[in-house]
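> Would you be able to build a 3D model of this:
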Amino acid sequence: MIVTSGGRHGKKVGYSDEPLQNGCWWYFGQGQNGDHSITNPANARLIEGKRSILLFTTREPTASEVRQRGNYRKLFAFQGTFNVSGYEVVVPESGPRAGDKLLKFLLVPVESEGYLAISSQELSSGNIQTLRNELIGNTAPASVITVTALREYRFRSQKVKRYALLRANGTCEACNSPSPFIDSNGNGYLEVHHILRLADDGPDEPQNVAAICPNCHRRAHHSNDRDAFQQQLLTAIATKEELLSKQI
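Residues are numbered from 1 along each chain as shown. Okay, the predicted model is just below:
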């Protein structure tokens, strides 16, 4: 899903999207008059949280750029790929939108997909059942995650990745082959993959992540059978999770 930031409307009425120091963005929803609606197609897709966001900023060209390019078309700058981690409703106290209920989405950079550096001691000493019980019993919020909760959100994400690596135990959870090589920490190299990005009950759940080899990771994202492959992976992880649940 592609979204742009920096349009004239928000600035004219007293609010605008903004980058945060931690790499996230506050992004306001769509709707130029009255309350923002959750049924607005663009807002609904953001709330659903199942699509990654390609964020671009826009700006008007300078006079010299107009002369050089020969047109007044806006300039775009790619800011990165993000996931919607939640949203909140804000009500401006002044300005043309005073009293309107506006949707403000928290966009978190896609940084959790892939390799996680973890020490051999940390990996070998982990208790997978203890970690699993902790994650299942402390589900991330489904809708609203504010900046104050972002630290907990990322901390949970790291724990889920660690859990996936413990569960895989050096074997790709897709093709069942041993990890292709040993990393600099002495562990078998596997990459953590979110099978369904930002499911309804949160982005990070044990049944929604898999530790897989780089080849399978590329297949999950780029192959012509990626949908079938994702379903195959979901089934395999569900089977592993069911076996683990019976060991409690």
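
> Show me the residue sitting in the middle of this protein in space.
Asn83 (3.4 Å; Cα atoms, centre = their mean).

> three-state assignment of that one?
Classification of Asn83 using DSSP: H, G, I helix; E, B strand; the rest coil returns strand.

> mind checking pLDDT for it?
Per-residue pLDDT puts Asn83 at 82.

> how about the longest helix along the chain: buried residues?
Scanning the chain for the helix with the most residues, using DSSP state H, yields helix 226-246. Across helix 226-246, burial judged by 16 or more other Cβ atoms under 10 Å covers 229-230, 233, 236-237, 240-241. Any C-beta I mention is one placed from the backbone N, CA and C, and that applies to glycine too.

> what's the closest of the residues you listed to Gly49?
Gln230 (17.0 Å; Cβ to Cβ).

> Looks like the closest one contacts Ala220 (just checking).
Yes: using Cβ atoms under 8 Å, Gln230 is in contact with Ala220, at 6.3 Å.

> Can you pull the residues that touch both of the two?
Shared contacts of Gln230 and Ala220 (Cβ atoms under 8 Å, 6 or more residues apart in numbering): Ile195.

> Distance-wise, check the residue nearest to the centre of the chain relative to Ile53.
As judged by Cβ to Cβ, to the nearest Å, Asn83 and Ile53 stand 7 Å apart.

> Residues in contact with both of those two, list them for me.
Applying Cβ under 8 Å, 6+ apart, one finds that Asn83 and Ile53 are jointly contacted by Leu107.

> Toward the C-terminus, what is the element adjacent to the helix or strand that Ala164 is a member of?
Assessed by DSSP states H and E, Ala164 sits inside helix 150-168. Using DSSP H and E, the helix or strand that follows helix 150-168 in sequence is strand 191-194.

> Can you spell out the domain ranges of this structure, please?
Following the assignment in the TED database, the chain carries domains at 2-109, 120-246.

> Which of the ones you listed comes out lowest on mean pLDDT?
If you rank the domains of the chain by mean pLDDT, domain 120-246 sits at the bottom with a mean of 77.

> rewinding a little: now the buried residues of helix 226-246 as JSON lines including distance to Leu107?
Output for those, formatted as JSON lines (distance: Cβ to Cβ, whole Å):
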{"residue": "Phe229", "distance to Leu107": "28"}
{"residue": "Gln230", "distance to Leu107": "24"}
{"residue": "Leu233", "distance to Leu107": "26"}
{"residue": "Ala236", "distance to Leu107": "31"}
{"residue": "Ile237", "distance to Leu107": "27"}
{"residue": "Lys240", "distance to Leu107": "32"}
{"residue": "Glu241", "distance to Leu107": "29"}
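
> in stretch 22-33, what's buried?
24-29, 31.

> ok, the residues you listed vs Asn208, which is closest?
Once Cβ to Cβ is applied, the member of the buried residues of stretch 22-33 that ends up nearest Asn208 is Cys24, at 21.4 Å.

> who touches the longest helix of the chain?
128-129, 132, 167, 173-174, 193, 195-196, 206-210, 212, 219-220, 223.

> roughly how far out does that helix sit from the chain middle?
21 Å (Cα atoms, centre = their mean, to the nearest Å).

> Secondary structure element for the residue of the chain most remote from its centre, which one?
In the chain, the greatest distance from the average C-alpha position (Cα atoms, centre = their mean) is reached by Arg67, at 40.0 Å. Secondary structure from DSSP H and E places Arg67 in helix 63-69.
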